[in-house]
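Peer 1: Attaching a predicted model along with its sequence, questions to come.
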Amino acid sequence: MNSTTKGYILGIIAAATYGMNPLFALPLYADGMDTNSVLFFRYLFAIFILGIMTKTRGHSIKISKNDIFPLFIMGILVALSSFALFESYNYMAAGIASTILFVYPIMVALIMCIFFKEKLTVNTIICIIMALLGIAMLYKNENGDTLSTTGIIFVMVSALSYAIYIVGADRDRLKKIPTVKLTFYVIVFGLTLFIATTKGCTQIATPTRWYLWFNLFALALFPTAVSFLCTTLAVQYIGSTPTAILGALEPVVAVIFGVTLFSEPFTQRITGGILLILIAVTLVIAGSSFNTTLVRFRKLFPKIKFRKK
């Protein structure tokens, strides 16, 4: 097997494991755990996994005092993105929410244009229009039913928080921190949000069945560590742009899980909307000057893709 083939296989594995969250999360919801508790344990276990990854790569976990505040802000942004996405699943089909979330690279492009004076190309403008048309197709189905406005607001807040994080983490000082080490501290500081939302860990729900602890650990292991590692290796074999484009498989996997396992709707209109969004984002990534940045931070904290039943 040549290196190119290995790279594409690794990129596919990265996207597939990124979409495995519902397999582990839904049994926890059915067992009575709430969103904040699931997120708390996933962040907690991810800290240990990423700490081991940091050490095995030869990086010290020490940081400068000057890095603490910006890392704290980055951690809160990622945690807020996770929380907002979780809330959106209470109002809309998870596959649709995951697809709308995937517009965050377009938000990154707009932030770079507005605040950092990068040129807004014709390609980006066309892609923005395509993405908006795709969202409009998802907003209303063939029966005339519309998506929850509250749900859309939540998922857009999630995408915007993540886009701001990506731009912020690529600035000057933080850019010099190795990615796995940066990820480790983002999770550490992000955990503080869920400590607060569980009122100092006094309102944390735990699994009632012993084997469901595996689900909590798997949420931290597969979508975070395995996906991160496969993404890194894929970039080494095939480069940043192809790896980022393969990321379009992530919402596709979420839709497949939603339709086949959880009976979420899948109509021609939904198909068209999803395709428009995926094509628009793929074109933005392929033609952007920041695709390496997107790859570097795309896997920092995968989000659970299905709402509670």
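Peer 2: Thanks, I have it.

Peer 1: Tell me how far Gln236 lies from Gly247.
Peer 2: 16 Å (CB to CB, to the nearest Å). Bear in mind the C-beta positions are built from the backbone N, C-alpha and C, glycine included.

Peer 1: More neighbours: which of these two?
Peer 2: Using other CB atoms under 10 Å, the more surrounded residue of Gln236 and Gly247 is Gly247, with 23 against 14.

Peer 1: Relative to Leu26, how far out is that one?
Peer 2: Gly247 is 23 Å from Leu26, by CB to CB.

Peer 1: Below-threshold pLDDT in the protein: ranges please.
Peer 2: Applying pLDDT under 70 to the chain flags the ranges 140-145, 170-172, 232, 235, 240-241, 243-244, 262, 288-309.

Peer 1: Output the longest helix belonging to it.
Peer 2: helix 65-88 (DSSP state H).

Peer 1: looking just at contacts, which helices and strands does whatever helix or strand comes next after that helix meet?
Peer 2: The helix or strand immediately downstream of helix 65-88 is helix 94-101, counting by DSSP states H and E. Where contact means 3 or more CB pairs under 8 Å, 6 or more residues apart in numbering; DSSP states H and E, helix 94-101 is packed against helix 65-88, helix 122-139, helix 149-169, helix 249-262, helix 268-287.

Peer 1: Can you spell out which helices and strands pack onto the very next helix or strand once past helix 94-101?
Peer 2: Using DSSP H and E, the helix or strand that directly follows helix 94-101 along the chain is helix 104-116. Secondary-structure packing of helix 104-116 (3+ CB pairs under 8 Å, 6+ apart): helix 122-139, helix 149-169, helix 268-287, helix 291-298.

Peer 1: ok, Tyr104 to Val157 distance?
Peer 2: With CB to CB as the criterion, Tyr104 and Val157 are 11 Å apart.

Peer 1: just to revisit the earlier point, among the helices and strands packed on helix 104-116, show me which one is buried the most.
Peer 2: Highest mean neighbour count of the helices and strands packed on helix 104-116: helix 291-298, a mean of 22 (counted as mean count of other CB atoms under 10 Å).

Peer 1: can you tell me which helix or strand the spatially closest residue to Leu39 that is not a sequence neighbour belongs to?
Peer 2: Using CB to CB, 6 or more residues apart in numbering and skipping the chain neighbours, the partner closest in space to Leu39 is Phe194 (5.1 Å). Here Phe194 is covered by helix 179-197, with elements defined by DSSP H and E.

Peer 1: Could you check the angle that helix makes with helix 65-88?
Peer 2: Orientation check (axes from the mean of the first three to the mean of the last three CA atoms, to 10 degrees): helix 179-197 against helix 65-88 gives 60 degrees.

Peer 1: now for the next helix or strand after helix 179-197, which elements pack on it?
Peer 2: Remark: after helix 179-197, the chain's next helix or strand is helix 212-220, criterion DSSP H and E. On a contact count with 3+ CB pairs under 8 Å, 6+ apart, helix 212-220 meets helix 21-30, helix 35-56.

Peer 1: May I see those helices organised as JSON lines, with mean neighbour count and distance to Thr282 added?
Peer 2: Output for those, formatted as JSON lines (neighbours: other CB atoms under 10 Å; distance: least, CB to CB, whole Å):
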{"stretch": "helix 21-30", "mean neighbour count": "21", "distance to Thr282": "22"}
{"stretch": "helix 35-56", "mean neighbour count": "20", "distance to Thr282": "28"}
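
Peer 1: right, so of these, which gets closest to Lys62?
Peer 2: Ranking these by proximity to Lys62 (CB to CB) places helix 35-56 first, at 10.7 Å.

Peer 1: In CSV, could you pull the C-alpha coordinates for the closest one?
Peer 2: Taking Å, rounded to 0.1, in the frame of the first residue of the first chain, the C-alpha atoms of helix 35-56 are listed here in CSV:
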residue,chain,number,x,y,z
THR,A,35,-25.8,16.8,28.7
ASN,A,36,-23.6,18.6,31.2
SER,A,37,-22.7,15.3,33.0
VAL,A,38,-21.8,13.6,29.7
LEU,A,39,-19.6,16.5,28.6
PHE,A,40,-18.0,16.7,32.1
PHE,A,41,-16.8,13.1,31.9
ARG,A,42,-15.8,13.3,28.3
TYR,A,43,-13.6,16.3,29.0
LEU,A,44,-12.2,14.7,32.1
PHE,A,45,-11.3,11.4,30.4
ALA,A,46,-10.0,13.3,27.4
ILE,A,47,-7.5,15.2,29.6
PHE,A,48,-5.9,11.9,30.7
ILE,A,49,-5.8,10.6,27.1
LEU,A,50,-4.4,13.8,25.6
GLY,A,51,-1.9,14.1,28.5
ILE,A,52,-0.5,10.7,27.6
MET,A,53,-0.4,11.7,24.0
THR,A,54,1.5,14.9,24.9
LYS,A,55,4.1,13.0,26.9
THR,A,56,4.6,10.2,24.3
